[in-house]
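Trainee: Test case, fold it:
(2 chains)
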Amino acid sequence: MEFSLLGAALLAALGLYAVLWYEAGRTNAADCTRELWDMALGSAVIGVLVGRLVAMIRGGTNPLTHPGDILIVRGGVDTVGAAIAASAAFVFMARRDLWTRLDALAPAVLGGLAAWHGACLTRGACLGTPSDLPWAYAEHGGGVTRHPTELYAALLLVVGVILVIWWKRRHPPAGIVTGTAVAVAAGVRLATEPMRPVLGAGLEWWYLAGVVLGVGLAAGRFLAARSPQ
Amino acid sequence: MTPRLGLAISLLLAACSSSAVSVEEVEALPPTTPVEVRVLLEESEVPVVLNVWASWCTPCRSEAPLLRRAHAEQGDDVRFVGIDVRDDQDGARAFIAEFGLDGFDHFFDESGAVPADLAAYGVPLTFFFAPGGELIELHSGVIDERTLALQIDELLRR
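Mentor: Numbers count the residues shown, from 1 in each chain, chains lettered A, B, ... in the order given. Got it, this is the predicted structure:
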């Protein structure tokens, strides 16, 4: 386990809890925070585990013959696999009142993601592609100033939290807040992806699919609410 | 889980993680010394990423797929050198075959003298050298994708 990543995960959990706590008694029922927190944390653990397994298999390591490698998270967690698994786990756990719980958790997830990206400051891992903009900077003795890409993502996600809470307070039909949050989360990654130094194919198509899914979900829930029963 | 499902998953995992190179295709690693490595670095006209690894090192297994990908993408512009320390030839060849790292220039350093000469200890280690052998960065421990990509980018912009 790489401890700076563990610290970032703890900050993300803190960000998620902070938004849940803030929303309790406002747009969420006052007594649902504990239940949502447990579900979110359980889903996140499942997501990280599946994401790690996917990364190992894609990297050529057999988890059955090298189970100890699962714990070395810095070696990679497949983002797409983790996101799909965490979402599926939450949907399963919250299936009895799915849309209400998804809408209740949506702003908090964005808050957790904002904290995760902002935690780059503790890890010295904020920088992306080279830039000459006034706020670009270099670190680790690097000779090239770069975009603070992770901070861009964190700030955009904070704006996303505010936007989604504002939207939620207008009491739209169930599911629309969730769709908006999915579109925001994927849109932030899509917008910042070109500024990330990466090896291998980028994930732009996955993030674009996430934006389409989020917008489609919100539109579908809106139309479903308007159609006569 | 039914036995049949378990078998299917095992076969799928085995298929997904099969290596691209057989052990027989990997030649024995030539032994090296700190002096030879310094000469190699000083005479290099391209940047060098020097990775210190060992087949018994579990974290090395974690970063190996990433290094292979970096070599596949940047191998034309950057020289990738592997120093296998305190290991045996059979284990080293099996490791290279398993992770398809045969594109690296690997050397065998049985005593671990090369990283000690570079004032670094432990495994894995990843050094980033500019052409001519100037050390730009040393990363101790498992390297992540972002750090590797950033450091290679820094090397190529010098």
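Trainee: going forward, measure contacts and count neighbours with C-alpha atoms only.
Mentor: Fine.
Trainee: where does chain A come near chain B, residue by residue?
Mentor: Within reach of chain B by C-alpha under 8 Å from any C-alpha of the partner chain, chain A has these residues: A:56-64, A:68-69, A:72, A:74-76, A:125, A:128, A:142-144, A:197-200.
Trainee: So among those, which ones count as buried?
Mentor: A:56-57, A:59-63, A:69, A:72, A:74-76, A:125, A:128, A:142, A:144, A:197-199 (16 or more other C-alpha atoms under 10 Å in any protein chain shown).
Trainee: how about A:W206, what does it touch?
Mentor: Neighbour list for A:W206: A:V80 [criterion: C-alpha atoms under 8 Å, 6 or more residues apart in numbering or on different chains].
Trainee: Would you double-check that it falls in a helix?
Mentor: Yes. Judged by DSSP: H, G, I helix; E, B strand; the rest coil, A:W206 forms part of a helix.
Trainee: could you check the distance from it over to A:H171?
Mentor: 30 Å (C-alpha to C-alpha, to the nearest Å).
Trainee: what about the helices in chain A?
Mentor: Remark: helices assigned in chain A by DSSP state H are A:3-23, A:33-59, A:79-93, A:98-118, A:120-123, A:149-168, A:176-192, A:204-226.
Trainee: ok now the fourth one, how far from the chain's centre?
Mentor: Counting by C-alpha atoms, centre = their mean, to the nearest Å, helix A:98-118 is centred 8 Å from the centre of its parent chain.
Trainee: for the first one, same thing?
Mentor: Distance, stretch centre to chain centre, for helix A:3-23: 11 Å (C-alpha atoms, centre = their mean).
Trainee: counting contacts, what elements does that helix pack onto?
Mentor: On a contact count with 3 or more C-alpha pairs under 8 Å, 6 or more residues apart in numbering or on different chains; DSSP states H and E, helix A:3-23 meets helix A:33-59, helix A:98-118, helix A:120-123.
Trainee: Tell me the spacing between the closest residue to chain B within chain A and B:V81.
Mentor: Proximity of chain A to chain B (C-alpha to the nearest C-alpha) peaks at A:G60, 4.0 Å away. The spacing between A:G60 and B:V81, counted by C-alpha to C-alpha, is 21 Å.
Trainee: The residue of chain A closest to chain B contacts B:F99, doesn't it?
Mentor: Yes. Counting by C-alpha atoms under 8 Å, B:F99 is a contact partner of A:G60 at 6.6 Å.
Trainee: OK, contacts around B:A130?
Mentor: By C-alpha under 8 Å, 6+ apart, the contact set of B:A130 is B:46-48, B:136, B:155, B:158.
Trainee: Not counting its neighbours along the chain, what's nearest A:A44?
Mentor: A:A86 (5.5 Å; C-alpha to C-alpha, 6 or more residues apart in numbering or on different chains).
Trainee: just the strands in chain B please.
Mentor: Assigned by DSSP state E, the strands in chain B fall at B:48-53, B:79-85, B:105-109, B:125-129, B:135-140.
Trainee: okay, which residue is most central for chain A?
Mentor: Closest to where the C-alpha atoms of chain A average out (C-alpha atoms, centre = their mean) is A:L113, at 4.4 Å.
Trainee: just checking, that residue touches A:A12?
Mentor: Yes. In terms of C-alpha under 8 Å, A:L113 counts as a neighbour of A:A12; the distance is 6.2 Å.
Trainee: lowest-pLDDT helix or strand in chain A?
Mentor: helix A:120-123 (a mean of 87; mean pLDDT, DSSP states H and E).
Trainee: from the chain's centre, how far out does that helix sit?
Mentor: Remark: helix A:120-123 is offset 17 Å from the chain centroid, using C-alpha atoms, centre = their mean.
Trainee: What residues sit buried inside that helix?
Mentor: Here helix A:120-123 shows A:C120 as buried, counting by 16+ other C-alpha under 10 Å.
Trainee: Flag the shaky bits of chain A, pLDDT-wise.
Mentor: For chain A, the stretches with pLDDT under 70 are A:1-3, A:73-75, A:140-141, A:200-201, A:229.
Trainee: before we move on, what about chain B?
Mentor: B:1-20.
Trainee: For it, which segments are assigned as helices?
Mentor: B:3-16, B:34-43, B:58-74, B:89-99, B:113-117, B:145-156.
Trainee: other SSEs contacting the longest one?
Mentor: Pointing back at helix B:58-74 there. In terms of contacts (3+ C-alpha pairs under 8 Å, 6+ apart), helix B:58-74 is packed against helix A:33-59, helix B:89-99.
Trainee: about what we covered before: which among the strands of chain B is found nearest to A:Y22?
Mentor: Among the strands of chain B, strand B:135-140 comes nearest to A:Y22, with 40.4 Å by C-alpha to C-alpha.
Trainee: Run the chain-centre distance for that closest one.
Mentor: From the chain centre to the centre of strand B:135-140 is a distance of 14 Å (C-alpha atoms, centre = their mean).
Trainee: Now it: buried residues?
Mentor: For strand B:135-140, the neighbour count (16+ other C-alpha under 10 Å) marks B:136-139 as buried.
Trainee: and what of stretch A:39-52?
Mentor: Those buried within stretch A:39-52 under the rule 16+ other C-alpha under 10 Å are A:39-41, A:43-44, A:46-52.
Trainee: of these, closest to A:V177?
Mentor: Of all the buried residues of stretch A:39-52, A:V177 sits closest to A:A40, with 16.7 Å by C-alpha to C-alpha.
Trainee: correct me, but that closest one touches A:A89?
Mentor: No. Using C-alpha under 8 Å, A:A40 is not in contact with A:A89; the gap is 9.0 Å.
Trainee: Dump stretch B:49-66 to PDB, restricted to CA.
Mentor: Taking Å, rounded to 0.1, in the frame of the first residue of the first chain, the C-alpha atoms of stretch B:49-66 are listed here in PDB:
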ATOM      1  CA  VAL B  49      15.500   5.500 -17.600                       C
ATOM      2  CA  LEU B  50      17.400   3.100 -15.300                       C
ATOM      3  CA  ASN B  51      15.200   0.800 -13.300                       C
ATOM      4  CA  VAL B  52      16.600  -1.300 -10.500                       C
ATOM      5  CA  TRP B  53      14.600  -4.500 -10.000                       C
ATOM      6  CA  ALA B  54      14.700  -8.100  -8.800                       C
ATOM      7  CA  SER B  55      12.500 -11.100  -9.500                       C
ATOM      8  CA  TRP B  56      11.900 -11.600  -5.800                       C
ATOM      9  CA  CYS B  57      10.700  -8.000  -5.300                       C
ATOM     10  CA  THR B  58       6.900  -7.900  -5.100                       C
ATOM     11  CA  PRO B  59       6.500  -4.100  -5.700                       C
ATOM     12  CA  CYS B  60       8.700  -4.600  -8.900                       C
ATOM     13  CA  ARG B  61       5.900  -6.800 -10.200                       C
ATOM     14  CA  SER B  62       3.500  -4.000  -9.700                       C
ATOM     15  CA  GLU B  63       5.400  -1.400 -11.700                       C
ATOM     16  CA  ALA B  64       6.600  -3.800 -14.400                       C
ATOM     17  CA  PRO B  65       3.500  -3.500 -16.700                       C
ATOM     18  CA  LEU B  66       3.800   0.300 -16.500                       C
END
